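S.K.: Turn this into a structure:
(one chain, ligands or ions: 1)
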Amino acid sequence: MSRKLRVAIIGGGQVAETVHASYYLTRSELELVAVVDSNIERAQSLANRLGIAHAFADADEMYRQCQPDIISVCTPNRFHHQHVMQALENGCHVMCEKPPAMTPEEAAEMRDAARKAGKVLAYDFHHRFASDTQFLREQVVAGTLGEIYVTTAKALRRCGVPGWGVFTNKELQGGGPLIDIGIHMLDAAMYVLGFPAVKRVYAHSFQKLGTLKHSGQFGEWDPKTYTVEDALFATVEFRNGGILRLETSFALNIEPVSVMNVEFCGVNAGATLFPAHIYQDEAGKLVTLSQRESADTERHFKSMRAFVDHVLGAPVSIADAEQGYLIQQLVAAIYRAAESGESIEL
Ligand SMILES: NC(=O)c1ccc[n+]([C@@H]2O[C@H](COP(=O)([O-])OP(=O)(O)OC[C@H]3O[C@@H](n4cnc5c(N)ncnc54)[C@H](O)[C@@H]3O)[C@@H](O)[C@H]2O)c1
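M.R.: From the prediction side, this is the model:
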């Protein structure tokens, strides 16, 4: 067997441990050799917990000493661009956490650098790897729903401002629920729809509760340093005449504690994504055409598996650098529309 591919993780926090490192450790073709975190105690403690040989505070030192083949970028959003560019310059394949970057310009630069280096750059948009999403995409391609003209994506939390990390800091994250959780449902919706071309977007955003409250489902935050939106509502118009409505919140006075779902309305049938359910109306009665019993929760590892298999040469698709750019472009247009109060043409 050829030598194991050497993997290093940059940013040793929550997602690095529960998703990236946990997955890499299941693959016999890989060797997880290093973790880098600007907080060296965090890097060391993760390395100790998982038996990773090296911990660094500085990525340059890691590249010099470890010569990795694969990098996972799990730092706050602001640092994705620099860490991905550095990984590509060092000849590595990269799995970068979502969102790709802070701006579409950065995401375009990352895509171009990956192409130039001939390396894989994937983003962890894991909802598209759920069996539900894969099934609906197949059904859309097969024409089961007919023309889809209204899609509604929801990533809503009643009071779920993250109490860890820097998710309430606009400088470091680029925004709030849209760039953190709305982006997941946006990606899943766009994937099922086959990335239709966007004509223009409208949006409204609010900052009402994040600066007022201080605790919720995911712990406590400081309302005095809360600088991101807490709810955002957007309409995306496609060139094919259809629309996508997006609703997303960290905090909003709604009944359910959270909703993460997408609904597609086609001429022949409608569908809900999680769990996948395709239905029709017959004389006022709802008739199920097909239904999965429960939503697929294995999607995190499926996303990681697609990346690793792709790197190893298998013909599996990933959330690639071009699609990452298109999603980042949409997020930026939605924020611009919300800030300006004007529609934004793409
Ligand atoms: N795909 C998903 O569902 C999902 C889930 C959670 C987080 N994320 C993404 O993962 C990223 C990290 O989120 P998290 O929840 O793990 O946050 P976290 O705060 O738990 O971890 C981030 C880590 O990065 C370190 N760090 C900060 N700046 C750094 C730098 N310049 N260089 C090296 N290390 C640095 C911090 O010390 C921290 O340990 C974010 O981009 C977030 O959007 C994605």
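S.K.: CA atoms for contacts and neighbours, from now on please.
M.R.: OK.
S.K.: Now for the residue of the stretch 51-200 of the chain found nearest the ligand, how many residues are close by?
M.R.: With Cα to the nearest ligand atom, the shortest gap between the stretch 51-200 of the chain and the ligand falls at residue 165, namely 3.3 Å. The number of residues packed near residue 165 is 13, by other Cα atoms under 10 Å.
S.K.: ok, now residue 122?
M.R.: Neighbours of residue 122 (other Cα under 10 Å): 31.
S.K.: Quick check: mean pLDDT of stretch 152-162?
M.R.: Averaging pLDDT along stretch 152-162 yields 98.
S.K.: Spell out the residue ranges of the helices in the stretch 51-200 of the chain.
M.R.: Assigned by DSSP state H, counting those that start in this stretch, the stretch 51-200 of the chain shows helices spanning 59-66, 80-89, 104-117, 131-142, 170-173, 177, 183-193.
S.K.: Including distance to residue 48 and mean pLDDT, could these go into TSV?
M.R.: Listed next are the helices of the stretch 51-200 of the chain as TSV, based on distance: least, Cα to Cα, whole Å; pLDDT from 0 to 100:
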stretch	distance to residue 48	mean pLDDT
helix 59-66	17	98
helix 80-89	23	98
helix 104-117	32	98
helix 131-142	34	98
helix 170-173	28	96
helix 177	33	98
helix 183-193	32	98
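S.K.: Can you tell me which of these is most buried?
M.R.: helix 177 (a mean of 26; mean count of other Cα atoms under 10 Å).
S.K.: How about that helix and the ligand, any contact?
M.R.: No: residues of helix 177 are not located near the ligand by Cα under 6 Å from any ligand atom, the shortest gap being 10.2 Å.
S.K.: before we move on, back to that, between the helices of the stretch 51-200 of the chain, which one is closest to residue 318.
M.R.: Ranking the helices of the stretch 51-200 of the chain by their distance to residue 318 (criterion: Cα to Cα) puts helix 183-193 first, at 11.2 Å.
S.K.: other SSEs contacting the closest one?
M.R.: helix 131-142, strand 148-157, strand 258-266, helix 321-340 (3 or more Cα pairs under 8 Å, 6 or more residues apart in numbering; DSSP states H and E).
S.K.: which of the ones you listed is buried the deepest?
M.R.: Highest mean neighbour count of those: strand 148-157, a mean of 23 (counted as mean count of other Cα under 10 Å).
S.K.: in its sheet, what does it sit against?
M.R.: strand 243-249 (parallel), strand 258-266 (antiparallel) (DSSP bridges).
S.K.: Return the residues in contact with residue 337.
M.R.: 201-204, 343-344 (Cα atoms under 8 Å, 6 or more residues apart in numbering).
S.K.: Residue 232 and the ligand, how far apart?
M.R.: According to Cα to the nearest ligand atom, to the nearest Å, residue 232 stands 17 Å off from the ligand.
S.K.: Make CSV out of the helices and strands packed on helix 183-193 and add distance to the ligand.
M.R.: What follows is the helices and strands packed on helix 183-193, written out as CSV (distance: least, Cα to the nearest ligand atom, whole Å):
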stretch, distance to the ligand
helix 131-142, 16
strand 148-157, 12
strand 258-266, 12
helix 321-340, 13
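S.K.: quick one, which of these is nearest to residue 56?
M.R.: Across those, residue 56 has its closest neighbour in helix 321-340 (27.4 Å, Cα to Cα).
S.K.: tell me the average confidence for the helix or strand following that closest one?
M.R.: Where DSSP states H and E defines the elements, the next helix or strand beyond helix 321-340 is strand 344-345. In this model, strand 344-345 carries a mean pLDDT of 97.
S.K.: And stretch 210-219, by the same measure?
M.R.: Here stretch 210-219 scores 97 as its mean pLDDT.
S.K.: Mind listing residues that contact that stretch?
M.R.: Contacts of stretch 210-219 (Cα under 8 Å, 6+ apart): 159-164, 220-226, 229-230, 250-251.
S.K.: contacting residues for the spatially closest residue to residue 78 that is not a sequence neighbour?
M.R.: Spatial nearest neighbour of residue 78, chain neighbours left out: residue 172 (4.9 Å); criterion: Cα to Cα, 6 or more residues apart in numbering. Contacts for residue 172 were tallied using Cα under 8 Å, 6+ apart; they are 76-79, 166.
S.K.: Any chance of a markdown table for those residues, columns neighbour count, pLDDT and distance to residue 28?
M.R.: Formatted as a markdown table, the contacts of residue 172 follow (neighbours: other Cα atoms under 10 Å; pLDDT from 0 to 100; distance: Cα to Cα, whole Å):
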| residue | neighbour count | pLDDT | distance to residue 28 |
| --- | --- | --- | --- |
| 76 | 19 | 96 | 29 |
| 77 | 25 | 96 | 30 |
| 78 | 18 | 97 | 32 |
| 79 | 17 | 98 | 30 |
| 166 | 15 | 95 | 34 |
